[in-house]
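Q: need a 3D model of the sequence below.
(2 chains)
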Amino acid sequence: MSSQIKFTDITAGQQRRHFRENDLGAFENTYKAEITAVHRLTAIENLFRIQIVDPTDRKKFVFQPGQFVMLELPGIGEAPFSISSSASRHGDLELCIRRVGSLTNFLFRLDRGTHVGIRGPFGTGFPMDQMHGENILLIAGGLGLAPLRSPIAYVQENRNLFDNVDIIYGTKEPSQLLFTYQYDMWRADDVNLHIIVEKGDPAWKGPVGMITKVLQDIFMHRHADYFQKTYAIVCGPPVMFKFVCTMLNERSIPMEKMFVSLERRMHCGMAKCCRCNIGSTYICLKGPVFDYWSVMNMKEAI
Amino acid sequence: MLFRILKHEDLKKLYDLLSRGNRVIGPVRKGADKDGNPIYAFEEIGDFINIHLDYTTTKIPAKKFFMPFREVMADFRIKGKDWEKKIGFNIGSPFIVFGMHACDINALNKLDKVLLGSHYPMPYYAAKRKNMFIVGIDCIPQPYCFCRSMGSDTALHGFDMFLTDLGDHYFVEILSDTAYNFLRQITNAEPTESDHARYMKAASEKNRKFTAHVDTTDLTKILDMEFQADVWKKWGDQCLSCGTCANVCPTCYCYGVDESVALDLSRAQKIKSLYSCNLIDFAEVAGGHNFRPESHTRLKYRYYHKHRGFVEAYEESLCVGCGRCGESCLAGITVPEVIASVRGGEN
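A: Reported below is the predicted structural model:
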């Protein structure tokens, strides 16, 4: 016997069997993706369309509405972004991004054709299958429409599977409204679209106030049966969750049928760095989509 | 488990055998504190004479050898709009840890659960962890040790062999085939009935030496109930938010990732650095919102993760009770005191 201890090559096939589900290599598995289009949405938000370069990888890249990817700009950094496009388009993603920090500032200077890195998809998605045959309330505040656009696309593509569909969207000012060019298309699909701003401008003809005002108005005209068969998806600033979810709960929509998406800054997306940790919950692994009952049981979640 | 008896004078033979062609890490004396007490550290050993197996505890755990404070995760070569990413798991050469206390072995077991046994195993850690051979050694409880309260005063697994000093010889527990084969090459003997009795006597003597205790009964529930307690603010006012506790903790694994780019923009690196949840920007999110802006909320989060969150996820605490955090804390905050005060004890 040799006196030297044996060197274990962790990449060797034999060792892989010790690990469950995922190959060790998955940890830093980056897809190279190309920026194929950039749309300006508002003064500070752009929609980036990115496509995984390798056609085989592109086909394999499947995600659920609500999941996110880690976008990497080599040498600049990496950050999580929820996917805001239809899940039926594999490996061809749209990310609605606000220019807010160093990474996004750099991203806004990139041209079409630039390669970025994509890891993922990570996290949990909205359980769209569960909602089949039910009413659905899609409630977004501000940039919250970005992650909500993916379930909206799902609802549009499978409109016959849902009963009553309402999209309720509020921002501070009309100039901050995202995806304005799509509103007519959403309405055309027999979707009730309600938009409200906190502060109007001379051109604004719609309602002014908080998002809860819209909810109140809608609920006034809904029969008690409606609430028995309703799912809600809520995305927006944390303060909005409390008000909106409390209102929904008062109307007897169970907390298990309300879904929210929590956001944290993440450094790995794979439940290791703990940056997104709330108590024992890794947002990147068990979230970002949670039902409201789970959120109620988490300290400092919102 | 197999048990053997090894004479004191044969330990050097074991060391020589293990160190042949292998790196050996062990406790060495690095200096002395202001009272003249020795300060120990895990270092690479060149000679058996440098190992201090009777060490109290090291200031910094051995984690720097399997979870470096700074590690390059990937290299990029950038060419205009395109780039290539090269991932390296930094597989080092195998090494032997000669003389690891039970608490530190238990710390490794806990790290294994989260870094190897979870949904996405971490290859950077696995690369080093899978290449370790551990010789454990029994210890004398120090005033700040509360490993007994945390159930980590003895190690049941996670080592290759474990030595207990019985005066003139060592009582050896063998857990791995590699350890068995090493030991086969030197003189050793089957333990007798009297050795067993002496081992048990040594164990009960050790138990009596613990002075610090933590009452962990219902601790997860109590931490949940006392989330808004004022006592956290008291500790928060005292805490300097320096991150020393995480630095010296054998189980703290949280990290941050930074990227750096070469001046000519042709190369870039993705670098992982260990971080601490006590540092101010740990829970900051996009747009600058901070979920834990005050020092007491961060201190509370650290206790919450160690003593409640991890228990919920893995049915055990992430603390092994080595007491390093309390001993190194510049503000004198210790785990037994904090937990006692949260439980409503005198403080």
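
Q: which helix or strand contains the residue positioned nearest the centre of chain B?
A: Nearest residue to the geometric centre of chain B (CA atoms, centre = their mean): residue B:250, 2.3 Å. Using DSSP states H and E, residue B:250 is not contained in any helix or strand.

Q: please apply the same query to residue A:57.
A: For residue A:57, the element it lies in under DSSP H and E is helix A:55-60.

Q: what residues of that helix count as buried?
A: Buried positions in helix A:55-60, judged by neighbour count with 16 or more other CB atoms under 10 Å in any protein chain shown: A:57-58. To be clear about C-beta, it is placed using only N, CA and C from the backbone, and glycine gets the same treatment.

Q: hang on, the residue nearest to the centre of chain B packs against residue B:323?
A: No: contact criterion CB atoms under 8 Å: residue B:250 and residue B:323 do not qualify, at 10.9 Å.

Q: list phi and psi for the residue nearest to the centre of chain B.
A: Per-residue torsions, residue B:250: phi -80, psi -10 (degrees, to the nearest 10).

Q: with the one 5 residues further on instead?
A: Dihedral angles phi and psi of residue B:255 (degrees, to the nearest 10) take the values phi -150, psi 170.

Q: follow-up on the earlier one: whether the helix holding residue A:57 contacts chain B - can you check?
A: No: Helix A:55-60 is not in contact with chain B by CB under 8 Å from any CB of the partner chain; minimum separation 13.8 Å.

Q: what is the mean pLDDT for that helix?
A: For helix A:55-60, mean pLDDT is 90.

Q: give the next helix or strand downstream of it.
A: From helix A:55-60, the next helix or strand downstream (DSSP H and E) is strand A:68-73.

Q: so how far is the helix or strand following that following strand off the chain centroid?
A: Counting by DSSP H and E, the next helix or strand C-terminal to strand A:68-73 is strand A:77-82. Relative to its chain's centre, strand A:77-82 lies at 12 Å (CA atoms, centre = their mean, to the nearest Å).

Q: what packs against strand A:77-82?
A: Helices and strands touching strand A:77-82, by 3 or more CB pairs under 8 Å, 6 or more residues apart in numbering or on different chains; DSSP states H and E, are strand A:68-73, strand A:92-98, helix A:102-107, strand A:115-122, helix A:145-157, strand B:255-261.

Q: ok, residues contacting it?
A: The contact list for strand A:77-82 (CB atoms under 8 Å, 6 or more residues apart in numbering or on different chains) reads A:66-72, A:95, A:97, A:101-104, A:117, A:119, A:122, A:146-147, A:150, A:261, A:263, A:265-267, A:269, A:284, A:288, B:257-259, B:270, B:286.

Q: I would like a PyMOL command selecting only the buried ones among the residues you listed, please.
A: Here is the PyMOL command that selects only those of the contacts of strand A:77-82 that count as buried (16+ other CB under 10 Å):
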select buried, (chain A and resi 66+67+68+69+70+71+72+95+97+103+104+117+119+122+146+147+150+261+263+265+266+267+269+284+288) or (chain B and resi 257+259+270+286)
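
Q: which residues does residue 99 contact?
A: You didn't say which chain, so I picked chain A. Residue A:99 sits next to A:44-46, A:105, A:107-108 when contact means CB under 8 Å, 6+ apart.

Q: was after chain B, sorry
A: B:26-27, B:51-53, B:55, B:135-137.

Q: confirm it sits in a helix?
A: No: Residue B:99 sits outside any helix when classified using DSSP: H, G, I helix; E, B strand; the rest coil, being strand.

Q: tally of neighbours for the closest residue to residue A:274 other than its chain neighbours?
A: Counting by CB to CB, 6 or more residues apart in numbering or on different chains, residue B:254 is the residue found nearest to residue A:274 once chain neighbours are left out, at 3.8 Å. Around residue B:254 there are 19 other residues, counting by other CB atoms under 10 Å in any protein chain shown.

Q: wait, isn't residue B:254 in contact with residue A:268?
A: No: the pair residue B:254 / residue A:268 is not scored as a contact, 10.2 Å apart, by CB under 8 Å.
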